[in-house]
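[1] No sequence on hand, only this structure:
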């Protein structure tokens with residue numbers, strides 16, 4: 001389903017590769033020309049500049065080596081190297097959700113405001129209940145955004161998921177403790193903590209999510225990121241990575257983006273697997289990511 005994430009990048013690379021394979025023997029300047037075009041294709045797909053540069057350097061090192069020059073089909077060899085490097089960044093296989101702990105397993109959801117965190121929390125809860133047959137409780141720790149808690153409660157009702165009853169004027173850390181205690185007492189398998197976001201990275205946001213992370217000891221800490229983040233994807237990923245032990249990334253709105261730059265950039269910078277992608281607005285519109 002999510003192959004369209006890379007549609008435009010695939011299209012551009014196919015054009016470059018077709019010209020390469022028609023050439024027969026390849027000189028170093030042929031390879032350099034092809035790499036320049038691959039670099040442009042990556043940047044047009046919104047892959048962050050440092051990520052694109054590292055990628056091209058690695059491919060070029062291998063592509064001007066003997067494995068290509070002495071090959072019977074040098075064009076095919078270059079294609080294979082580019083493919084191998086993309087697979088290397090994205091990871092070879094899907095990475096399963098880690099819920100292996102004494103219940104309730106805690107999943108912490110972090111990200112910027114507007115990235116789709118709250119909807120993603122409900123989508124993930126529904127996925128876990130339906131696919132993994134586990135009891136899930138959602139808890140909103142967002143004391144910043146007006147009606148954020150109510151939004152999660154409404155989404156929980158729609159998805160027929162339990163949500164932690166709202167008590168106003170509590171700190172995010174206290175709400176997290178309440179959620180875990182309730183989850184333990186009432187026999188939930190999984191508690192999903194939806195933390196507050198801001199419009200941009202700031203110290204207050206980071207300190208708050210760090211404090212919640214410390215007391216909740218999550219088995220999964222997800223960065224939810226909009227796939228349309230573009231060149232800023234690296235800064236966002238790096239900021240959260242520096243303060244939290246991220247275990248995975250959930251990319252939202254991939255149905256609106258065929259470029260895939262954010263996916264390659266975030267995976268490259270954090271080393272974290274992309275575990276899920278949001279493929280539609282509907283509550284069941286969350287799928288595991290197959291690199």
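    The structure has been received and is ready for your questions. Since we're looking at a predicted model, the values are computed, not measured. Numbers count the residues shown, from 1 in each chain.
[2] what residue ranges in the stretch 101-250 of the chain are flagged as low confidence?
    Scanning the stretch 101-250 of the chain for pLDDT under 70 picks out the ranges 229-233.
[3] which residues of it fall in strands?
    Under the criterion DSSP state E, counting those that start in this stretch, the stretch 101-250 of the chain contains strands at 105-110, 136-140, 162-163, 190-194, 220-226, 248-252.
[4] Parallel or antiparallel, which strands does the last one pair with?
    Based on DSSP bridges, the pairing partners of strand 248-252 within the sheet are strand 220-226 (parallel), strand 274-278 (parallel).
[5] Give the pairing partners of the helix or strand following the last one; include direction for each.
    Using DSSP states H and E, the helix or strand that directly follows strand 274-278 along the chain is strand 286-288. Each strand pairing with strand 286-288, determined using DSSP bridges, is listed with its direction: strand 274-278 (antiparallel).
[6] ok, back up a step: out of the strands paired with strand 248-252, flag the one nearest residue 61.
    Among those, the nearest to residue 61 by Cβ to Cβ is strand 274-278 (25.9 Å). C-beta coordinates here come from the backbone N, C-alpha and C atoms, glycine included.
[7] what's the spacing between the most centrally placed residue in the chain and residue 98?
    Central residue of the chain (Cα atoms, centre = their mean): residue 249, 2.8 Å from the mean position. Residue 249 sits 14 Å away from residue 98, going by Cβ to Cβ, to the nearest Å.
[8] Quick one: neighbours of residue 73, just the number.
    12 (other Cβ atoms under 10 Å).
[9] Contacts only, for it.
    When contacts are counted by Cβ atoms under 8 Å, 6 or more residues apart in numbering, residue 73 touches residue 21.
[10] And the pLDDT at it?
    If you check residue 73, the pLDDT there is 70.
[11] again with residue 67
    Reported pLDDT for residue 67: 61.
[12] go on, residue 254?
    Listed pLDDT for residue 254 reads 68.
[13] circling back: nearest to residue 178, out of the strands of the stretch 101-250 of the chain?
    Residue 178 lies closest to strand 136-140 among these, at 7.7 Å (Cβ to Cβ).
[14] about what we covered before: let me know which of the strands paired with strand 248-252 is the nearest to residue 237.
    Of all the strands paired with strand 248-252, strand 220-226 sits nearest to residue 237, with 6.6 Å by Cβ to Cβ.
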